[in-house]
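> what shape does this take:
(one chain, ligands or ions: 1)
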Amino acid sequence: MDDEESILEVASEYFMAKGYHVLTAENGRCAADIIATEKIDCCFTDINMPEMDGLELAEHIRKVDNTIPVIIMTGYPSLDNTIQTLKNGVVDFLIKPVNLNQLELCVKRVLRERRLFIRNLFLAKEVEGKQRIEKLNRELTYKVDELNTLNRIMTDFTTIDSSVDLFKRVVDLSTELTRANEAVFYIINEAVNQPVPVARSLARRNGHGAAGDQQPDPSDALDLGGFIMENREEDKPLLIQDTANVPGLPEVLRSLMLVPLNIRNKVFGILAVSAQDGAVRFSEKDLYYMSFMTNKAAYAIENIALYENIYENLFATLYAFVRAIEARDPYTEQHSNRVTRIATALCRAMGGSQEEQDILHVAGQLHDIGKIGIRDDILLKPGRLTDEEFRIIKEHPVIGANIVERLGLWDREKNIIRCHHERYDGKGYPDGLAGARIPMLARILSVADVYDAIASDRAYRKRMEEDRILGIMYGGSGTQFDAGVIDVFRSLYEKGDIAQILADAP
Ligand SMILES: [Fe+2]
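A predicted model of the protein is given here:
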């Protein structure tokens with residue numbers, strides 16, 4: 001570009017003859033327009049031009065594409081100009097008058113330099129890209145690792161249903177996920193004023209640590225109790241990367257984490273994770289994992305406690321119902337309790353499983369719970385009942401089963417409660433079931449229930465003579481009762497076990 005058209009023409013013809021593609025412009029503005037639409041490899045310009053001068057053009061080109069070399073041609077090079085041209089990314093300047101040969105050498109040189117520059121730029125970008133990918137890759141691996149660890153912690157806790165197993169899991173995971181030598185879970189109880197170690201795990205690396213599946217004794221743990229009581233910050237985790245200059249800690253210790261397990265904003269326990277290996281220093285990441293874990297554990301404990309509480313509260317409530325019914329009738333006080341004891345003894349003697357005995361324990365205690373819906377004047381009536389009154393009394397197994405059913409728990413217990421007045425010969429109530437259609441545990445409960453009813457004082461009569469009691473029990477074998485259950489009852493009775501059970505009952 002030059003304002004002197006003759007130079008433009010001569011140069012243009014010369015370079016075109018040499019095979020170059022030449023575009024010319026009378027001033028900087030026109031050159032800028034060309035650069036916007038054409039692919040340019042290098043640019044020669046004068047400084048003094050109308051509209052946009054050479055320096056402005058150079059600056060413009062640098063902004064659009066900093067790989068295009070700009071060569072300034074000037075008749076009067078000054079220090080000012082030179083500095084300015086360099087600042088604007090101008091790679092060279094030629095002093096006028098310029099001969100064509102000089103111009104061509106310059107073009108060849110700047111084009112070679114440009115190729116190198118572009119290649120370097122490309123390489124640099126490639127390197128940068130590679131580094132970025134590697135960094136992303138590292139971050140991704142780290143994230144995947146982290147997610148795996150967190151996921152592991154989550155799934156480990158969802159399958160646990162007892163708090164004892166949970167504490168064990170917390171300490172085992174601590175030594176697995178960190179480079180700790182020892183992890184101990186303490187329960188904090190204000191009444192005791194000293195953390196109580198309840199679970200402990202030792203690292204299993206390098207052949208050290210616990211042998212087999214035996215859980216190390218928590219009471220042998222590194223003594224951190226005093227330090228924990230003094231230094232734990234209410235509900236914040238504590239990381240001591242290097243314990244060297246921390247007073248009050250055992251000398252073997254190198255690094256320590258104290259992580260509280262809070263339940264409803266109250267400290268329930270403290271997880272102490274310690275390293276004794278010279279090189280191990282716990283990091284913020286370790287602390288993060290441990291905090292995440294105690295959080296999950298806290299949720300799990302809450303759930304377990306909630307479930308256990310609901311279950312126990314429910315039973316306690318229903319049991320209180322039963323006691324209330326029995327309290328209305330002093331003669332039947334503790335009837336359910338005695339029936340339960342006899343029934344579970346029969347079940348055990350018949351080879352029943354612990355689960356079946358547990359079911360009988362609940363069903364036995366609650367079998368007459370349906371009587372809560374029966375009026376006192378019928379329930380407590382001395383003497384014979386009318387047919388209507390008897391019909392109402394006979395509703396109690398169904399009412400009882402309905403009460404238990406509504407809780408959504410204890411399906412088998414519910415059936416036993418419903419069937420405890422069924423007879424083996426099908427003449428019982430409410431459904432008139434016979435033989436094997438009556439649940440086995442209900443057949444057992446029925447024997448225990450009838451025996452206790454006739455062997456104790458009632459509102460309408462005194463306790464029966466023993467001969468008469470046994471006459472009813474043994475005589476009912478195969479009709480009122482399952483003969484197999486009566487056989488076992490008889491052997492227990494003759495050994496004196498039944499009398500013993502009743503003597504032991506409160
Ligand atoms: Fe009953």
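> find the nearest non-adjacent residue to residue 44, please.
Distances taken as C-beta to C-beta, 6 or more residues apart in numbering place residue 71 nearest to residue 44, at 4.9 Å, with adjacent residues excluded. Every C-beta, even on glycine, is put in place using the N, C-alpha and C of the backbone.
> need the nearest residue in space to the residue positioned nearest the centre of the chain, chain neighbours excluded.
To find the centre residue of the chain, average its C-alpha atoms and take the closest one (C-alpha atoms, centre = their mean): that gives residue 154, at 2.9 Å. Here the nearest residue to residue 154 in space, its sequence neighbours aside, is residue 296; by C-beta to C-beta, 6+ apart that works out to 6.0 Å.
> and the one you found, what is it in contact with?
Contact criterion C-beta atoms under 8 Å, 6 or more residues apart in numbering gives 153-154, 157 as the residues in contact with residue 296.
> repeat the analysis, applying 10 Å as the threshold.
150, 153-158, 166, 169-170, 173, 261 (C-beta atoms under 10 Å, 6 or more residues apart in numbering).
> just residue 451 next, same as before
Counting by C-beta under 10 Å, 6+ apart, residue 451 has contacts 338-339, 342-343, 346, 469-470, 472-473, 481, 489, 493, 498, 502.
> which pair in the contacts of residue 296 spans the largest distance?
Of all pairs drawn from the contacts of residue 296, the one with the longest distance (C-beta to C-beta) is 155 and 261, at 18.8 Å.
> of those two, who's got more company?
residue 261 (25 against 10; other C-beta atoms under 10 Å).
> in what helix or strand does the more buried one lie?
With elements taken from DSSP states H and E, the one containing residue 261 is strand 255-263.
> what does residue 405 give?
Residue 405 belongs to helix 396-406 when assigned by DSSP H and E.
> a strand runs through residue 280, doesn't it?
No: Residue 280 sits outside any strand when classified using DSSP: H, G, I helix; E, B strand; the rest coil, being coil.
> tally of neighbours for the nearest residue to it once chain neighbours are set aside?
Leaving out its chain neighbours, the residue that sits closest to residue 280 by C-beta to C-beta, 6+ apart is residue 179, at 4.6 Å. Residue crowding around residue 179 was assessed by other C-beta under 10 Å; the count is 17.
> give the contact list for residue 179.
Under the criterion of C-beta under 10 Å, 6+ apart, the neighbours of residue 179 are 203, 205, 255, 273, 275, 277, 279-283, 286.
> buried ones among those residues?
Restricting the contacts of residue 179 to buried positions leaves 203, 255, 273, 275, 280-282, 286, with burial counted as 16 or more other C-beta atoms under 10 Å.
> and of those, the nearest to residue 334?
Of all the buried ones among the contacts of residue 179, residue 273 has the smallest distance to residue 334: 51.8 Å, by C-beta to C-beta.
> buried set for whatever helix or strand the closest one lives in?
Remark: residue 273 resides in strand 266-275, with elements defined by DSSP H and E. Neighbour counts over strand 266-275 (16+ other C-beta under 10 Å) mark 267-275 as buried.
> over to stretch 285-293?
Buried residues in stretch 285-293 (16+ other C-beta under 10 Å): 286-287, 289-293.
> secondary structure and pLDDT added to those residues, as CSV?
Output for the buried residues of stretch 285-293, formatted as CSV (DSSP: H, G, I helix; E, B strand; the rest coil; pLDDT from 0 to 100):
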residue, secondary structure, pLDDT
286, helix, 90
287, helix, 91
289, helix, 89
290, helix, 90
291, helix, 90
292, helix, 88
293, helix, 89
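> return the closest of those with respect to residue 239.
Each of the buried residues of stretch 285-293 was scored against residue 239 by C-beta to C-beta, and residue 287 proved nearest at 4.6 Å.
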